[in-house]
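Asker: this is the structure alone, sequence omitted:
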């Protein structure tokens, strides 16, 4: 009987992984040459579309292990920048602005700038979700990302299922959303940003049964839902895409794979 209970508990927790693909890349899941080629393809595609800043998501886990309605596990801003190569040359490329869950303490996070290849080194499958903001929003985002507001909006208390309407916890997608709301409304006031999120943004509902919800924090504190009411809902790439499309803030929302570009 006890063995049955333990196995059942593990099954419940595995459906909500504590490290949901939002950590810095440790051991690469895919061949380095494939990752490098795909990273360059994403950069070239963004540059061809004239994107100075874009929101890009990666698939960090097998999508069959994720809750219904969730495809991508990590979201970041990609910013067109002056890049210095290892041999001292300078050129133009994208820098990736991430909020990563800590590997050693899953309840904490930190901000990291890395390269497109670093970003996709943690991918389970080479599939990028991409949102290109309209030109006016791109300018506003660049201003915020380059200012002290960007790190000031970081909350290091990490939760996989952070409620974007509250300041208690944060994950990578919520930080992306907070930065966007700061840019849209011209404020760094966290209370105002959360009020605007609650008023205008519809998060992705995550179907979690009562037993699974009660047991998950025992496997990892990063799986807490203490900041939610009866319904668990969090910011996802899809919910940000829907928000931007409904408010005419995006010029393009699509998927890019090694086989080509597709409508999201």
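Answerer: Received it, and whenever you're ready, just let me know what you need. Only a predicted model underlies this, so the values are computations on that prediction, with no experimental measurement involved.
Asker: I'd like to know how many residues surround residue 38.
Answerer: Per other C-beta atoms under 10 Å, the neighbour tally for residue 38 reads 21. Placement of C-beta: from N, CA and C, glycine included.
Asker: give the contact list for it.
Answerer: Taking C-beta atoms under 8 Å, 6 or more residues apart in numbering, we find residue 38 in contact with 120, 126, 128, 258.
Asker: which ones are touching the last one?
Answerer: Taking C-beta under 8 Å, 6+ apart as the contact definition, residue 258 lies against 34, 37, 38, 41, 126.
Asker: now residue 116: closest residue in space that isn't a chain neighbour?
Answerer: Among residues not flanking residue 116 along the chain, residue 39 sits closest, at 3.8 Å (C-beta to C-beta, 6 or more residues apart in numbering).
Asker: for the helix or strand in which residue 111 is found, buried residues please.
Answerer: Per DSSP states H and E: residue 111 is located in strand 109-114. For strand 109-114, burial by neighbour count (16 or more other C-beta atoms under 10 Å) applies to 109, 114.
Asker: quick one: name whatever helix or strand follows that strand.
Answerer: Counting by DSSP H and E, what follows strand 109-114 is helix 116-121.
Asker: how far does that following helix sit from the chain's center?
Answerer: 14 Å (C-alpha atoms, centre = their mean, to the nearest Å).
Asker: and what of stretch 104-118?
Answerer: Computed by C-alpha atoms, centre = their mean, the chain-centroid distance of stretch 104-118 equals 11 Å.
Asker: what about it, average pLDDT?
Answerer: Here stretch 104-118 scores 94 as its mean pLDDT.
Asker: for that stretch, measure first residue to last.
Answerer: 19 Å (C-alpha to C-alpha, to the nearest Å).
Asker: show me where the stretch 101-250 of the chain has its helices.
Answerer: With DSSP state H, counting those that start in this stretch, the ranges of helices along the stretch 101-250 of the chain come out as 116-121, 135-145, 149-152, 172-185, 190-200, 210-219, 237-246.
Asker: residue 45 is nearest to which of those?
Answerer: Proximity to residue 45, assessed across the helices of the stretch 101-250 of the chain by C-beta to C-beta, is greatest for helix 116-121 (11.1 Å).
Asker: and residue 81, how many neighbours?
Answerer: Neighbour tally, residue 81, other C-beta under 10 Å: 15.
Asker: show me what it is bridged to.
Answerer: Counting by DSSP bridges, residue 81 is bridged to residue 93.
Asker: that one is in contact with residue 95, isn't it?
Answerer: Yes - counting by C-beta atoms under 8 Å, residue 81 sits close enough to residue 95 to count as a contact (4.4 Å).
Asker: could you check the angle the strand holding residue 111 makes with helix 172-185?
Answerer: 80 degrees (axes from the mean of the first three to the mean of the last three C-alpha atoms, to 10 degrees).
Asker: what pairs with strand 109-114, parallel or antiparallel?
Answerer: Strand 109-114 sits in its sheet next to strand 90-101 (antiparallel), going by DSSP bridges.
Asker: mean confidence for the strand it pairs with?
Answerer: 95.
Asker: now do stretch 72-81
Answerer: On average, stretch 72-81 scores 97.
Asker: before we move on, what about stretch 235-254?
Answerer: Stretch 235-254 comes out at a mean pLDDT of 98.
Asker: likewise for stretch 257-264?
Answerer: 88.
Asker: and residue 54, how far from residue 30?
Answerer: 22 Å (C-beta to C-beta, to the nearest Å).
Asker: quickly find the element holding the residue nearest the centre of the chain.
Answerer: The centroid of the chain falls nearest to residue 75 when counting by C-alpha atoms, centre = their mean (2.3 Å). Following DSSP H and E, one finds residue 75 within strand 74-84.
Asker: run through who's touching that strand.
Answerer: 21-22, 46-47, 51-58, 60, 90-99, 116, 119, 122, 129, 141-142, 145, 172-173, 176, 179, 237, 240.
Asker: next, the angle helix 135-145 makes with it.
Answerer: 80 degrees.
Asker: if you count neighbours, what's buried in the biggest helix by length in the chain?
Answerer: Across the chain, the longest stretch assigned as helix under DSSP state H is helix 32-48. Residues of helix 32-48 classed as buried: 35, 38, 39, 41, 42, 43, 45, 46 (neighbour count, 16+ other C-beta under 10 Å).
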